[in-house]
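[1] For reference, the sequence and a predicted model appear below.
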Amino acid sequence: MSEATLAPTTCKISKVLKGEGDFVETDVAVLTVEVQGKEVSVFPSVAGEIVEVMVREGQTVEEDAELFMVDDEGGW
């Protein structure tokens, strides 16, 4: 099952560190965002394969916007 990670607040996407097809653990940052002038890492809530990244660097997103999807049922 795929699970979306949501934006913690309105923020600007600083860097996309991982992409579709990458496998991640819950302690591996997928994105960094800028919140009130500070860089904050965004981690997946589940380990698995990134199946979709819905944002791009430089984009501003609203609170609770979907950032990326992780499939935690993959055969990895």
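    Now that the structure is in, tell me what you want to look at.

[2] For Val35, which non-adjacent residue is spatially closest?
    If the residues on either side of it in the chain are set aside, Val35 comes closest to Cys11, at 4.8 Å by C-beta to C-beta, 6 or more residues apart in numbering. Bear in mind the C-beta positions are built from the backbone N, C-alpha and C, glycine included.

[3] so that neighbour sits right up against Thr32, yeah?
    No - taking contacts as C-beta atoms under 8 Å, Cys11 lies outside contact range of Thr32: 9.7 Å.

[4] tell me, what's touching these two both at once?
    Val40 (C-beta atoms under 8 Å, 6 or more residues apart in numbering).

[5] Of the two, which one has the most company?
    A count of neighbours by other C-beta atoms under 10 Å puts Cys11 above the other of Cys11 and Thr32, at 24 against 17.

[6] quick one, what contacts the more buried one?
    Contact partners of Cys11, counting by C-beta under 8 Å, 6+ apart, are Val33, Glu34, Val35, Val40, Thr60, Val61.

[7] For it, list each beta-bridge partner.
    Cys11 has the following beta-bridge partners by DSSP bridges: Val61.

[8] Gly48 too?
    Counting by DSSP bridges, Gly48 forms beta bridges with Val24.
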